[in-house]
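sharing a sequence plus its predicted fold:
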Amino acid sequence: MSTPPFGRVLTAMVTPMTSDGDVDLDAARRLASHLVDEGNDGLVVNGTTGEASTTSDDEKGRLLEAVLEAVGDRARIVAGVGTNDTAHTLELARQAAERGVHGLLVVTPYYNKPPQSGLLAHFRAVADATELPVMLYDIPGRSAVPIATETLIALAEHPRILAVKDAKADFWGATQVLRATDLLWYSGNDGDNLLHLVQGATGIVGVTTHVAPAQYAAMVDSAHRGDFEQARRIHFDLVPAVDAVMGITQGAMTVKAALVEQGVLTSDAVRGPLVRLTDDERARLRAGLKESGLL
């Protein structure tokens, strides 16, 4: 199979930090290498799970440079550049392009609650700002505004808007967009991965992929080979891990703690308003990872 412009198995990578809250670029390089070695062919840097809302533009740029240096010749590096300010989003898109990334992930503007006409203008402006391919990120649980089916179909006409990361769980809407356009579809909710793959998704942009990269690579490969029985077995095996990583508390917090449990990271530090897990939450996380065979 030819590799799509964003890859097929992507992790929305956490931003490793030192115990005092500084971005740890060496740890980011090691984590990126680990994820790619274990089966990821793409990484999203500076996304929601990467705590992009609390890192500076300078930190974002240096993080992109570090990850590109580590794995940019082996995986597609997609920069999260979306904000709720179109002008700022354009600045981040241009910064990412200058660093040499392979694509952009642009989330729906959050908090402002723009109309669909505003979404059209915003996404088209970002796609016009660079020559990079764009993946839209539809996550109304965080942004408050979904990208309507009609809006997605209209945005597909732009030559650089090529894909959607779907965290909306509107599977009939996804069917309608897939039927009407050539957009590449990526599951953006770990629990929805199998369902999206069954109806033709290109791949996944995951969070639990941090702790089970090889397993998710095997799931996506099985689905694209038409072996949905095997894909389903992997999906069921990973249920406890998904419940632990995505269900106990905020994902960046649990993933960092999980990576420490696995020995991939040495620090699970996060920036406020996020906090480290409680002892009870860690115990529940550990139990879920063990049940899925990941510890």
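Done, it's in.

phi, psi for the closest residue to residue 275 other than its chain neighbours please.
Take residue 275 and drop its neighbours on the chain: the residue closest to it by Cβ to Cβ, 6 or more residues apart in numbering is residue 253, 7.0 Å away. All C-beta spots, glycine's among them, are computed from the backbone N, C-alpha and C. Geometry field for residue 253 lists phi and psi as phi -70, psi -50, criterion degrees, to the nearest 10.

so who does the residue nearest to residue 188 when sequence neighbours are not counted touch?
If you skip the residues right next to it in sequence, residue 188 has residue 167 as its closest partner in space, 3.5 Å away by Cβ to Cβ, 6+ apart. Taking Cβ atoms under 8 Å, 6 or more residues apart in numbering as the criterion, residue 167 is in contact with 137-139, 141, 188-189.

give me that answer again for 7 Å
138-139, 141, 188-189 (Cβ atoms under 7 Å, 6 or more residues apart in numbering).

cool, and residue 113?
Applying Cβ under 7 Å, 6+ apart to residue 113 gives the contacts 144-145.

so what's the residue nearest to residue 275 scoring on pLDDT?
Residue 253 is assigned a pLDDT of 98 by the prediction.

likewise residue 3?
79.

next one: the one 3 residues further on
The predicted structure scores residue 6 at 98 on the pLDDT scale.

and the gap between the residue nearest to residue 197 when sequence neighbours are not counted and residue 203?
Distances taken as Cβ to Cβ, 6+ apart place residue 223 nearest to residue 197, at 3.9 Å, with adjacent residues excluded. Summarising the geometry, the distance separating residue 223 from residue 203, computed by Cβ to Cβ, to the nearest Å, is 9 Å.

same check, this time on residue 129
Distance from residue 129 to residue 203, counting by Cβ to Cβ: 25 Å.

cool, residue 85 as well?
As judged by Cβ to Cβ, residue 85 and residue 203 stand 29 Å apart.

more crowded one of those two?
Ranked by neighbour count (other Cβ atoms under 10 Å), residue 85 and residue 203 place residue 203 first, with 27 against 13.

list the contacts of that one.
7-10, 186, 220 are the contacts of residue 203 under Cβ under 7 Å, 6+ apart.

so which of the residues you listed belong to helices?
Taking DSSP state H, the ones among the contacts of residue 203 that sit in helices are residue 220.

could I get the contacts of residue 203 as TSV with distance to residue 118 and neighbour count?
Output for those, formatted as TSV (distance: Cβ to Cβ, whole Å; neighbours: other Cβ atoms under 10 Å):
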residue	distance to residue 118	neighbour count
7	30	25
8	32	24
9	33	27
10	27	30
186	24	30
220	34	25
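
ok, residue 96 - how many residues close by?
27.

so it makes contact with residue 77?
No. Applying Cβ atoms under 7 Å, one finds residue 96 not in contact with residue 77, separated by 9.0 Å.

tell me which stretches of this protein form helices.
Residue ranges of the helices in the chain, as given by DSSP H, are 25-37, 57-71, 86-99, 116-129, 140-143, 149-155, 171-180, 193-198, 213-224, 228-237, 239-247, 251-261, 279-291.
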